[in-house]
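Asker: Starting from these lines, generate the structure:
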Amino acid sequence: MTRLPISLSIVPAHLLLDIVIVYCQPILTMEKEPLLGELPREATKSKTRSLITAIRLLAFTFAASFAGCYFLTGFWPLDYVVYSPAERVLIRNPLIDGHNDLLILMRVLYGNHIYDPEFTDKMENGGLGGQVDIPRMNKGKVGGAFWSAFVPCPANGSDFSDAAYAPYVKTTLEQIDLFNRLSEMYPRYFSPAGDSAAAHRAFASHKLISPMGIEGLHQIGNSISTLRLYHKLGVRYATLTWNCHNAYADAALVSNSDNQTVVAPPLWGGVSPAGKKLIQEMNRLGMLVDLSHVSQNTMAHVFGHGEDGWQGSIAPPIFSHSSAYSICPHPRNVPDHILPYVKAARGIVMINANPDFISCRASNSSSGLPEFVPETSNIQQVVKHIKYIGDMIGYDYVGIGTDFDGIESTPKGFEDVSKFPDLVTEMLKQGISEHDAGKVVGRNILRVWADADAVATWMQRKGVLPLEDEVKHPWE
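Answerer: Prediction:
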């Protein structure tokens, strides 16, 4: 970007001239400046007031111009710059990553101890490990993320009992608390979750839009009450499954008896009866329904295309971190027959940066999983997925959900959050317009979020009551 000098010409010259003429003419046109004692007292006061008014208006005009420049660009006029097209996209539109795993990395590396100088130094100055820290987010012009309070599935993924799930609820609460403490530690950067309107205000205030997500309904411990509690604590989407089935929906992948990840055999054939009620409660709360990690039958079911006639989610579902199946035939990706459902529901597919999900080909593996293709694991391939979905169903229905800090490797050229400007540059290079790029980086997910908020408001005004758990007697 090119730094330019700037003068007070930020205020139009004709405006300055008008101000001088209107407010100073009585003084400027005097034939002779009389002695102060020769002027009538009221005339002296009048001319003094004119001067003061002119000075005040000039000061206000300059201040408003400078403040307006700062509000629009985040920079004072003396630091005015000419931005590249990619930078322009990221300044005008909040880049919102649909899935960031910073929290689980902090648990692994630091045991959630964020007041340790070893953590704070690396978080604030760089080198945290993984793909995220404050300097890299600043460099990448990150506008926000859905921060995942991820907790893996139980070792026995087929045990849906309360006892099996209880430790995972505890761990989820620890991760939610971790992010809330992190936000309190860095209030200059992180904003409270709020709703979609609050997200717009956060972006205008140059703060990170910061909702959380959970990744699999095993994390609620079979409790709708727990789901509501998570929402109150800042969780704004719930992925229906991780790599295990649960009481509510079928997953795309599970672990077999040899602890190998394989394509999952169906359990419910999509969404269970309990899952249908839970999705209605998510709609009532304004919590986004996330379909990353679910089976294709579950995808279709949530969009209202199951075999039982269920209408599906009222609010638009999302795929927080998935890619195009036709390019990389991985069960975690979205197949072509689902994409029209995404468009019809006004949902979104947020493209993943996991090399396994962007660069692969079909194989004969016993796991049912495709073969990784390292040659095309690069930033160009990520954009290829964006373009594929955008060209097929429209650029209103595609976004970015990297999975950064939850992946062991990254595509070449897209190694961490600092590379988002490079991603946008590649989008523009491959023919995506600046307008569409702005929608992809963040405007689309804000629109989906606003739609979910509107559905929640409508349901609550309509009198739809909260879903209640079937609980046991306390002394049973």
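Asker: All the strands of the stretch 351-476 of the chain, residue numbers only.
Answerer: 360-361, 371-372, 398-400 (DSSP state E, counting those that start in this stretch).
Asker: Show me what the helix or strand encompassing Arg88 is packed up against.
Answerer: Per DSSP states H and E: Arg88 is located in helix 85-92. The helices and strands touching helix 85-92, judged by 3 or more Cβ pairs under 8 Å, 6 or more residues apart in numbering; DSSP states H and E, are helix 420-429, helix 434-438. Quick note: C-beta positions are derived from backbone N, CA and C, even for glycine.
Asker: Residues touching that helix, excluding its own?
Answerer: 1, 73-74, 83, 141, 143, 420-422, 424-425, 428, 434, 437-438, 441 (Cβ atoms under 8 Å, 6 or more residues apart in numbering).
Asker: ditto for stretch 373-383
Answerer: Residues contacting stretch 373-383 (Cβ under 8 Å, 6+ apart): 327, 351, 353, 355, 358-361, 409, 411-414, 419, 422-423, 426-427, 430, 432.
Asker: If we use 7 Å, what do you get?
Answerer: 351, 353, 355, 358-361, 411-414, 422-423, 426-427, 430 (Cβ atoms under 7 Å, 6 or more residues apart in numbering).
Asker: if we can go back for a sec, buried set for the helix holding Arg88?
Answerer: Going by neighbour count (16 or more other Cβ atoms under 10 Å), the buried part of helix 85-92 is 86-92.
Asker: what's Phe146 sitting at in phi/psi?
Answerer: phi -90, psi 110 (degrees, to the nearest 10).
Asker: count of neighbours near the nearest residue to it once chain neighbours are set aside?
Answerer: Of all residues not flanking Phe146 in the chain, Gly213 sits nearest, at 4.5 Å (Cβ to Cβ, 6 or more residues apart in numbering). Neighbours of Gly213 under the rule other Cβ atoms under 10 Å: 28.
Asker: Now do Gly213 against Thr172, distance only.
Answerer: 11 Å (Cβ to Cβ, to the nearest Å).
Asker: what sits in contact with each of those two?
Answerer: Joint contacts of Gly213 and Thr172 (Cβ under 7 Å, 6+ apart) are Ala149.
Asker: I figured Phe119 was touching Tyr110, is that so?
Answerer: Yes - Phe119 sits in contact with Tyr110 when judged by Cβ atoms under 7 Å, with a separation of 4.9 Å.
Asker: just to revisit the earlier point, wasn't the residue nearest to Phe146 part of a strand?
Answerer: Yes - secondary structure assignment (DSSP: H, G, I helix; E, B strand; the rest coil) places Gly213 inside a strand.
Asker: Show me where the protein has its strands.
Answerer: For the chain, applying DSSP state E gives strands covering 2-3, 81-82, 96-100, 144-148, 212-215, 235-239, 253-255, 261-263, 288-290, 318-319, 348-351, 360-361, 371-372, 398-400.
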